[in-house]
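Engineer: let me see the structure of the following:
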Amino acid sequence: MTLTLKRALWLWAGALTFALLAIIPLTAWIRAIVGLTTLCGVVLGCALASRQAAHQRGSVRLVDPMTLPVASFRQPVVLTCGDGLDGLFGTIPEDRIGLRVTAHGCYVRVPSVKQLAVVTDGILALRPGWGGQLGVMFMVNPGAHSDDAVLAGHVRAFRHQMAMARKRGIDLPLMLVSYLQTLQGAEPWFSWDNGQANARVRDAGACVSLAEWLRQTSDSCAQADRMHASIQLNGVVAWLQDAVLPHLSIRNARSAHGVATVCAVKLVPALPHAVKGSLWQQWLRSKVALADNRQFVPDALLPFPDPLLNVLPLRAQRSPVLRASVAALWLFAMAGVVAVASSAWQNTLLVRQISDDLRRYAAIPHPIHREQREFGWREDAVTVLRQDAQRLDAYYRHGEPLAFGFGLYRGERLRAPLLTVLANHVEPPEALPSRVASPVRLDSLSLFAVGSAQLKPDSTKVLISALTDIKAQPGWLIVIAGHTDASGDAEKNLRLSHARASAVHDWMQHMGGIPDSCFAVQGFGATQPIASNDTEAGRATNRRVDIRLVPEVGACALPTAGPDRQPPVASSDI
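Structural biologist: All right, here's what the predicted structure looks like:
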């Protein structure tokens, strides 16, 4: 994927995150933190993408940068590593990467097997569209090694690089090639495709079996050379199976053997960088007791395996734009899932909140008048319902916010029941004052003799004045309470106070024609003094009869009992 596409994906991810911030209801400081974090993440991601691309491009230092094929090049591109690189590419500095473009493909020289994954990333950074045509050619020449352990480590290092490329999503088909020096001239390519048991011979564009190739000539000398080449081929194959393939096994490889797509052997007259006492010479000595004393040519040239390139599969590779589009689509899908989940949750909270507000209002009993405590509770509940109604009405008129959108809005089904409840709400009437500002207080000495509950003859004037004030407030409950000082027995004082209050009640009922239901008679004795009982003046003040007017619904309804019905008595106060 190109640097431009990577930057575009980072910007797309940032834009989706800011869109989610506009959809998901969050507090202002959380929005600010997430927004700043997102902005920093996008900038950092673009910087890292630029740095990675520069590093990948810098890892591919070509001898001649102009030799790299154009991006539209569609033939196999083979990353070549292993033994005998100088025989294929010539002498090239170790820090440079050489290329050879032939009629059948492009070969890229990898200086060391440990650089295979790095060079692969660099080539894809320069040519992102080449992912489907990349392959690897690993050369293992038996004449170039003299130590089994070193060769095994070399092969395992290569296997590790292949595994690293596979973890990055780059599946590279492998062509295992072995060059072997022979006394005859250059022989054709011998190969095993996709784990086939029998070798195939590729010569002059033809591909035949080994047995058929041996029968193709009638010349005895040529036939002897081919038989000798066949014997050498069998020896090389046996050596590869014994010394190389066990260390090259890769899990989940493409071929049937799990090792390579193509195994090929080329017999050449000269082999560069061959060593004396090589593993091949050791193997021959151990198997046939023969010694190979041929002279090696250090500057020999090796042929490229062009006849085998058509065996490497050209995989269908999605274009970088398509891959970036798929990644962008996945990001959009994930953002959509988050937005829909948030909308579903916000709608659930909205329904739960309004339903709870309606249940709370319905659970409060309707007060009779505004002074009852239920009135305040009910008014608070109605205020909340009015706020809910304004909110739902705004959503109905102007459309619901994105936080409740995506087809999941459920507030409209609650708007009609909410408006119905508000329309049916009736406020209770104003209550009358809870009490008269100041009670009518009658001095007991002006009404009764000491220790008596009989009204004095001259008490009529005082009682008429009190009755006039009482009848000015019709329909109120008349509470008559008798009080004494603390002298004497408390029980007698309590009975005396109640008897004096009853005497006043009887006079007022008889003279004023007030229904019995309008009265309540109470006797408190000396329990509610208004002055000190230590002095005569205080005791005189405490001997009194108080008349209070209290509003009470139904207090003055016509009596349902007969004329002998007793006035109501507040037993809890007696």
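
Engineer: domain ranges for this protein?
Structural biologist: 3-54, 60-316, 323-423, 440-573 (automatic domain parsing).

Engineer: format those domains as a markdown table; extra columns: mean pLDDT.
Structural biologist: Putting the domains of the chain into a markdown table (pLDDT from 0 to 100) gives the following:
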| stretch | mean pLDDT |
| --- | --- |
| domain 3-54 | 86 |
| domain 60-316 | 79 |
| domain 323-423 | 85 |
| domain 440-573 | 77 |
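
Engineer: could those domains go into CSV alongside mean neighbour count?
Structural biologist: C-beta: built from backbone N, CA, C; applies to glycine. Shown next, in CSV, are the domains of the chain (neighbours: other Cβ atoms under 10 Å):
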stretch, mean neighbour count
domain 3-54, 15
domain 60-316, 17
domain 323-423, 15
domain 440-573, 16
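
Engineer: list the contacts of stretch 110-119.
Structural biologist: 56, 59-60, 79-82, 85, 94-97, 108, 136, 138, 154, 157-158, 161-162, 164-165, 168 (Cβ atoms under 8 Å, 6 or more residues apart in numbering).

Engineer: filter these down to just the ones in strands.
Structural biologist: Among the contacts of stretch 110-119, the ones falling in strands (DSSP state E) are Leu79, Thr80, Cys81, Gly82, Val108, Val136, Phe138.

Engineer: can you map out the helices along the stretch 51-200 of the chain?
Structural biologist: Here the stretch 51-200 of the chain has its helices, by DSSP state H, counting those that start in this stretch, at 85-89, 116-126, 148-167.

Engineer: ok, Ala152 touching His247?
Structural biologist: Yes - judged on Cβ atoms under 8 Å, Ala152 makes contact with His247 at a distance of 5.0 Å.

Engineer: and the longest helix along the chain with helix 116-126, angle?
Structural biologist: The longest helix of the chain (DSSP state H) is helix 320-363. Relative orientation of helix 320-363 versus helix 116-126 (axes from the mean of the first three to the mean of the last three Cα atoms, to 10 degrees): 90 degrees.

Engineer: toward the C-terminus, what is the element adjacent to helix 320-363?
Structural biologist: Going down the chain from helix 320-363, the next helix or strand is helix 373-398, by DSSP states H and E.

Engineer: that next one: what's the following helix or strand?
Structural biologist: Next along the chain from helix 373-398, counting by DSSP H and E, comes helix 412-423.

Engineer: show the subsequent helix or strand relative to that next one.
Structural biologist: That would be, after helix 412-423 and using DSSP H and E, strand 440-443.

Engineer: hey, C-alpha coordinates of that following strand in PDB?
Structural biologist: Extracted in PDB, the C-alpha atoms of strand 440-443 (Å, rounded to 0.1, in the frame of the first residue of the first chain):
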ATOM      1  CA  VAL A 440     -59.900  34.200  71.400                       C
ATOM      2  CA  ARG A 441     -58.700  33.900  75.000                       C
ATOM      3  CA  LEU A 442     -61.300  34.000  77.800                       C
ATOM      4  CA  ASP A 443     -60.300  34.500  81.400                       C
END
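
Engineer: okay, now the sheet partners of it, with direction.
Structural biologist: strand 544-550 (antiparallel) (DSSP bridges).

Engineer: next one: the strand or helix carrying Arg7 to chain centre, how far?
Structural biologist: In the assignment (DSSP H and E), Arg7 maps to helix 3-23. Remark: helix 3-23 is offset 16 Å from the chain centroid, using Cα atoms, centre = their mean, to the nearest Å.

Engineer: which residues are contacting that helix?
Structural biologist: Against helix 3-23 from outside (Cβ under 8 Å, 6+ apart): 31, 34-35, 38-39, 41-42, 45-46, 49-50, 53, 320-321, 323-324, 327-328, 331-332, 335, 338-339, 342-343, 402-403.

Engineer: and the spatially closest residue to Arg543 that is not a sequence neighbour, how far is that from Ser459?
Structural biologist: Using Cβ to Cβ, 6 or more residues apart in numbering and skipping the chain neighbours, the partner closest in space to Arg543 is Ser444 (4.1 Å). Remark: distance between Ser444 and Ser459 (Cβ to Cβ, to the nearest Å) = 10 Å.

Engineer: please name the residues that touch Glu94.
Structural biologist: Counted by Cβ under 8 Å, 6+ apart, Glu94 has contacts Pro111.

Engineer: now it: how far from Val275?
Structural biologist: From Glu94 to Val275 the distance is 20 Å (Cβ to Cβ).

Engineer: could you do Thr4 as well?
Structural biologist: 49 Å.

Engineer: likewise for Thr67?
Structural biologist: From Thr67 over to Val275 (counting by Cβ to Cβ), the distance is 32 Å.

Engineer: what of Leu331?
Structural biologist: In terms of Cβ to Cβ, Leu331 sits 55 Å off from Val275.

Engineer: give me the spatial nearest neighbour of Lys266, chain neighbours excluded.
Structural biologist: Lys266 sits nearest to Tyr179 (Cβ to Cβ, 6+ apart), 5.2 Å away.

Engineer: quick revisit: wait, the residue nearest to Arg543 sits on Ala503?
Structural biologist: No - taking contacts as Cβ under 8 Å, Ser444 lies outside contact range of Ala503: 10.6 Å.

Engineer: anything in contact with each of the two?
Structural biologist: In contact with both Ser444 and Ala503: no residue, using Cβ under 8 Å, 6+ apart.

Engineer: ok, now which ones touch the residue with the largest distance to the centre of the chain?
Structural biologist: Ranking residues of the chain by C-alpha distance from their mean position (Cα atoms, centre = their mean) puts Pro457 at the top, at 93.5 Å. Pro457 makes contact with no residue, according to Cβ under 8 Å, 6+ apart.

Engineer: gap between the spatially most central residue of the chain and Arg202?
Structural biologist: With distances taken as Cα atoms, centre = their mean, the residue of the chain nearest its centroid is Val338 (7.0 Å). In this view, Val338 and Arg202 are 57 Å apart by Cβ to Cβ.

Engineer: Pro128 now?
Structural biologist: Taking Cβ to Cβ, one finds Pro128 at 32 Å from Arg202.

Engineer: and Thr102, by the same measure?
Structural biologist: For Thr102 relative to Arg202 (Cβ to Cβ), the value is 15 Å.

Engineer: same check on Ile470?
Structural biologist: 131 Å.

Engineer: the closest residue to Leu233 other than its chain neighbours: what's it in contact with?
Structural biologist: Once flanking residues are discounted, Leu233 sits nearest to Phe190: 5.3 Å by Cβ to Cβ, 6+ apart. By Cβ under 8 Å, 6+ apart, the contact set of Phe190 is Ala199, Arg200, Val201, Arg202, Leu210, Leu233, Ala264, Val265, Lys266.

Engineer: 6 Å - rerun?
Structural biologist: Ala199, Val201, Leu233, Val265 (Cβ atoms under 6 Å, 6 or more residues apart in numbering).

Engineer: so of those residues, which ones are in helices?
Structural biologist: Reading helices off the contacts of Phe190 with DSSP H, I get Leu233.

Engineer: need the max-distance pair from the contacts of Phe190.
Structural biologist: Val201 and Val265 (10.5 Å; Cβ to Cβ).

Engineer: picking that back up, the residue nearest to Lys266 touches Gly143, doesn't it?
Structural biologist: No - using Cβ atoms under 6 Å, Tyr179 makes no contact with Gly143, being 8.1 Å away.

Engineer: and the nearest residue in space to Gly525 that is not next to it in sequence, what element?
Structural biologist: Setting aside the residues directly before and after it, Gly525 is nearest to Leu494 in space (Cβ to Cβ, 6+ apart), at 3.7 Å. Taking DSSP H and E as the criterion, Leu494 maps to helix 490-512.

Engineer: which residues touch that helix?
Structural biologist: 448, 453, 455, 463, 467, 480-484, 519, 521, 523-526, 545, 567.
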